[in-house]
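J.: heads up, no residue letters with this:
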């Protein structure tokens, strides 16, 4: 009975901590992992508190790992869109593609330059697609050339880690 109580406690804490963590799949994976670890540690140590702490720690670590991977996937897409749109004139379009070794990072779409502006810092507003079966949306962003002429994603969000506190 004690192991069951620890498992339920860990599951409740994991689920409450994951309400803003992401998708239902992420939440389910985190809850399942933390409940399993909590149950195993409780059985091994005989302490429900130790089991709950281990389960919560596992849920936090899994959540951090999922968010880390998502940030990198977004960065790869941002770099591919900016690189493809950089040489385009207004009205021109080109394909963009991310071919990374991770399966979830294999993304592709089309980007088109809508307008250019700026002289000291040349920038472009671009419209792009992400050609997935589930995604039929158009996205708009701004890219700018840095001092070396490399086109980069210029919005503070979602490129927060690049801009730090300057948002």
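T.: In hand now; what should we look at? All figures in this text were calculated on a predicted structure; none of them were measured in a lab.

J.: so which elements touch the lengthiest strand in the chain?
T.: The strand that spans the most residues within the chain, counting by DSSP state E, is strand 107-117. Judged by 3 or more C-beta pairs under 8 Å, 6 or more residues apart in numbering; DSSP states H and E, strand 107-117 is in contact with helix 48-85, strand 93-98, strand 123-129. C-beta here means a position set from N, CA and C on the backbone, and glycine is covered the same way.

J.: could you identify which of the ones you listed is most buried?
T.: Across those, averaging neighbours per residue (mean count of other C-beta atoms under 10 Å) puts strand 123-129 on top, at a mean of 20.

J.: what's the mean pLDDT across that one?
T.: When pLDDT is averaged over strand 123-129, the result is 94.

J.: contacts for that strand next, please.
T.: 81, 85-86, 88, 96, 109-117, 135, 137-145, 151, 154 (C-beta atoms under 8 Å, 6 or more residues apart in numbering).

J.: just the buried ones from the residues you listed?
T.: 81, 85-86, 88, 96, 109-113, 141-145, 151, 154 (16 or more other C-beta atoms under 10 Å).

J.: count of neighbours near residue 47?
T.: For residue 47, the neighbour count with other C-beta atoms under 10 Å is 14.

J.: now residue 96. Nearest residue, chain neighbours left out?
T.: residue 84 (3.8 Å; C-beta to C-beta, 6 or more residues apart in numbering).

J.: which residues touch the one you found?
T.: Neighbouring residues of residue 84 by C-beta under 8 Å, 6+ apart: 94-96, 111.

J.: repeat that for residue 138.
T.: Taking C-beta under 8 Å, 6+ apart, one finds 127-129 in contact with residue 138.

J.: partner residues bridging the closest residue to residue 91 other than its chain neighbours?
T.: In space, residue 91 comes closest to residue 113 once its chain neighbours are excluded; the distance is 6.9 Å by C-beta to C-beta, 6+ apart. Partner residues in beta bridges with residue 113, using DSSP bridges, are residue 126.

J.: returning to what we had before: least confident of the helices and strands packed on strand 107-117, on average?
T.: helix 48-85 (a mean of 76).

J.: walk me through the domains of this protein.
T.: As assigned by automatic domain parsing, the chain contains the domains 2-70, 87-163.

J.: rank the ones you listed by pLDDT, which is bottom?
T.: Minimum mean pLDDT among the domains of the chain: domain 2-70, a mean of 59.

J.: so who does residue 151 touch?
T.: 82-83, 85-86, 124, 143-145.
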